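# Mind looking at a prediction? Sequence and model below.
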Amino acid sequence: MDHHICPWQHGAFLTSPVRKLSNDPIRITKDYATAGATVMDVGCGMGFFTVPMARLVGPSGLVIAVDVQEQMLAGMQKNAAKAGCSNITPHLCNSHSLEITQWDGTVDFAVVFHMLHEAPDPQGLIGEVFTALKPGGALLFAEPILHVGKQEFEQEATLFANAGFVETTRPHIGISRAIVWRKPR
């Protein structure tokens with residue numbers, strides 16, 4: 001597996017309006033990022049999912065935006081400020097741990113979108129997110145078809161099952177392979 005983290009200089013491209021044509025963040029997350037929910041965007045980059053989910057969860061909700069690169073978080077905060085979103089908590093993690101224990105058992109929905117293949121310890125990351133989720137919480141996992149082949153995707157899916165997640169659906173998301181997982185109640 002290739003563990004090169006997307007350079008922060010690509011962040012602006014990752015939030016471009018063109019990307020919404022294949023990956024509309026509202027359409028993809030609206031069933032899960034509901035009013036008042038606590039959601040976590042793992043590998044948030046410059047906020048492609050973070051800002052739209054902040055709008056979906058509204059002022060009574062919270063988005064925890066986790067990234068390993070300060071520049072990505074700074075870009076996300078700029079985009080959030082432009083959008084008038086004040087319900088986002090940026091969280092800088094390190095490459096060995098998401099360091100999210102303060103949210104254990106509080107998260108309704110998490111997004112791990114097009115980034116697991118970049119994680120040095122995917123099983124550890126998945127375990128940390130599993131612990132952060134409330135019982136019954138959902139997780140959207142997606143990988144880009146151009147970077148992650150079917151076999152590698154299925155190997156990654158096994159890591160979620162091993163962590164205790166239960167597969168619920170495989171949504172159609174442009175240029176991606178995706179699974180929605182649930183933490184058992």
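Now that the structure is in, tell me what you want to look at.
# burial measure for Gly75, as a count.
Close neighbours of Gly75, defined as other Cβ atoms under 10 Å, add up to 21. All C-beta spots, glycine's among them, are computed from the backbone N, C-alpha and C.
# Hmm, I typed the wrong one, I wanted Leu92.
13.
# just Asn162 next, same as before
So Asn162, with other Cβ under 10 Å, has 11 neighbours.
# give me the element it is part of.
helix 150-163 (DSSP states H and E).
# other SSEs contacting that helix?
helix 122-132, strand 133-144, strand 166-169, strand 176-182 (3 or more Cβ pairs under 8 Å, 6 or more residues apart in numbering; DSSP states H and E).
# The spatially most central residue of the chain: what's it in contact with?
The residue lying closest to the centre of the chain (Cα atoms, centre = their mean) is Val111, at 2.7 Å. Shown in contact with Val111 (Cβ atoms under 8 Å, 6 or more residues apart in numbering): Thr29, Val39, Met40, Asp41, Val42, Phe49, Met53, Leu139, Leu140.
# any idea which of the residues you listed is closest to Gly164?
Leu139 (11.2 Å; Cβ to Cβ).
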